[in-house]
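> Have a look at this prediction, sequence included:
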Amino acid sequence: MEFIESPIKYVGGKYKLLNQIIPLFPEDINRFVDLFCGSGVVGANMMGRAKEVICIDKDVNIIQLLYHIAKYKAFFLEQVERVIANYGLSNSYRFGLDKYKQVTGYGGAGKALSAYNKEAYKVVRKDFNFHNATSLFYVLNLYGYTGAGRYNSRSKHNISVGNSDLNIKVVKRYRKYCEYINKSKSPASYVAVISGNITYTMMILFMQTLHTYKQQQATIITGQKKTLSRYLLNY
């Protein structure tokens, strides 16, 4: 069984576990709800089995990113490349790695990229924390350390620069993901959940499950973390 990878770097992503997760679900599902979807990889790989997929996460930026990739596809990636160029970040997809090794004096790709992008990355992070543009968030995801989405007590993104950039693997993964969801007939909804607790939202989803079950239409709910909110914001 072949699975699609998410174009989003995400600590704790479930791609490597999909061969254990996906076979657990029926092949014909009415609605699949991926709670705390993270990179969205589980929900994406259920599009071939479910008539409808709903991805939910507490991180509004992740939800907006999933939505932008799904809606704008190649156009959004072009926008991200323009952001990369405007901030003077490396782009090994276009220019290879040797350029950055020569400029920094580092022979290793990781150290070269980290050194080359360090200052420009800080500017991107500062600008993102000011107006939260989705294209900037994706750049932080691609260029940040391990792709983590950590925020400080003031809800400001504070991950330091990593040792990666926009490269051929990222672009291939992005394009394959877009082709996959474009061919899928399953409509996807992306929902951000902020503040509150899990009880109220879980109760609503459970009631929806019972309702659809009575109509002999299965609703599958998968959870990946411990907290959920009461307020749903649709994007």
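Thanks, I have the structure now. All values derive from a computational prediction rather than experimental measurement.
> Strands of this protein, start to end?
29-34, 50-57, 188-194, 219-222, 231-234 (DSSP state E).
> Counting by contacts, list what the longest helix along the chain packs against.
What stands out as the longest helix in the chain, according to DSSP state H, is helix 109-131. Helix 109-131 makes packing contacts with helix 74-87, helix 98-104, helix 134-143 when contacts are defined by 3 or more C-beta pairs under 8 Å, 6 or more residues apart in numbering; DSSP states H and E. Where you see a C-beta, it was placed from the backbone N, CA and C, and this is true even at glycine.
> Let me have those in a markdown table, extended by mean pLDDT and distance to Arg173.
Listed next are the helices and strands packed on helix 109-131 as a markdown table, based on pLDDT from 0 to 100; distance: least, C-beta to C-beta, whole Å:
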| stretch | mean pLDDT | distance to Arg173 |
| --- | --- | --- |
| helix 74-87 | 98 | 11 |
| helix 98-104 | 97 | 21 |
| helix 134-143 | 97 | 11 |
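> Looking at the ones you listed, which one is packed in the most?
Burial of the helices and strands packed on helix 109-131 is given as mean neighbour count (mean count of other C-beta atoms under 10 Å); helix 134-143 ranks first at a mean of 23.
> tell me the angle of the longest helix of the chain relative to helix 134-143?
Taking axes from the mean of the first three to the mean of the last three C-alpha atoms, to 10 degrees, one finds that helix 109-131 is oriented at 150 degrees with respect to helix 134-143.
> quick one: buried residues of helix 109-131?
For helix 109-131, burial by neighbour count (16 or more other C-beta atoms under 10 Å) applies to 109, 112-117, 120-121, 124-125, 128-129.
> which residues touch Tyr72?
Residues near Tyr72 by C-beta atoms under 8 Å, 6 or more residues apart in numbering: Gln79.
> Look up how far Ser153 lies from it.
From Tyr72 across to Ser153, the span is 33 Å (C-beta to C-beta, to the nearest Å).
> if we can go back for a sec, compare the strands of the chain and say which comes out lowest on pLDDT.
Here the lowest mean pLDDT among the strands of the chain goes to strand 231-234, at a mean of 30.
> so where's this structure shaky on pLDDT?
Scanning the chain for pLDDT under 70 picks out the ranges 193-235.
> sorry, back to before: orientation of the longest helix of the chain relative to helix 74-87 in degrees?
Following the same axes, to 10 degrees, one obtains 100 degrees for the angle between helix 109-131 and helix 74-87.
> Can you show me the CA trace of helix 109-131 as PDB?
This file holds the C-alpha atoms of helix 109-131, laid out as PDB (Å, rounded to 0.1, in the frame of the first residue of the first chain):
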ATOM      1  CA  ALA A 109      25.300  20.900   3.500                       C
ATOM      2  CA  GLY A 110      23.500  21.300   6.900                       C
ATOM      3  CA  LYS A 111      26.100  23.600   8.400                       C
ATOM      4  CA  ALA A 112      26.300  25.600   5.200                       C
ATOM      5  CA  LEU A 113      22.500  26.200   5.000                       C
ATOM      6  CA  SER A 114      22.200  27.000   8.700                       C
ATOM      7  CA  ALA A 115      25.000  29.600   8.500                       C
ATOM      8  CA  TYR A 116      23.800  31.100   5.200                       C
ATOM      9  CA  ASN A 117      20.100  31.400   6.400                       C
ATOM     10  CA  LYS A 118      20.700  32.400  10.000                       C
ATOM     11  CA  GLU A 119      20.200  36.200   9.800                       C
ATOM     12  CA  ALA A 120      17.600  36.200   7.100                       C
ATOM     13  CA  TYR A 121      15.600  33.600   8.900                       C
ATOM     14  CA  LYS A 122      15.400  35.800  12.000                       C
ATOM     15  CA  VAL A 123      13.900  38.600   9.800                       C
ATOM     16  CA  VAL A 124      11.300  36.200   8.400                       C
ATOM     17  CA  ARG A 125      10.400  35.100  12.000                       C
ATOM     18  CA  LYS A 126      10.100  38.700  13.200                       C
ATOM     19  CA  ASP A 127       7.900  39.600  10.200                       C
ATOM     20  CA  PHE A 128       5.700  36.500  10.700                       C
ATOM     21  CA  ASN A 129       5.200  37.300  14.400                       C
ATOM     22  CA  PHE A 130       4.000  40.800  13.300                       C
ATOM     23  CA  HIS A 131       1.400  39.800  10.800                       C
END
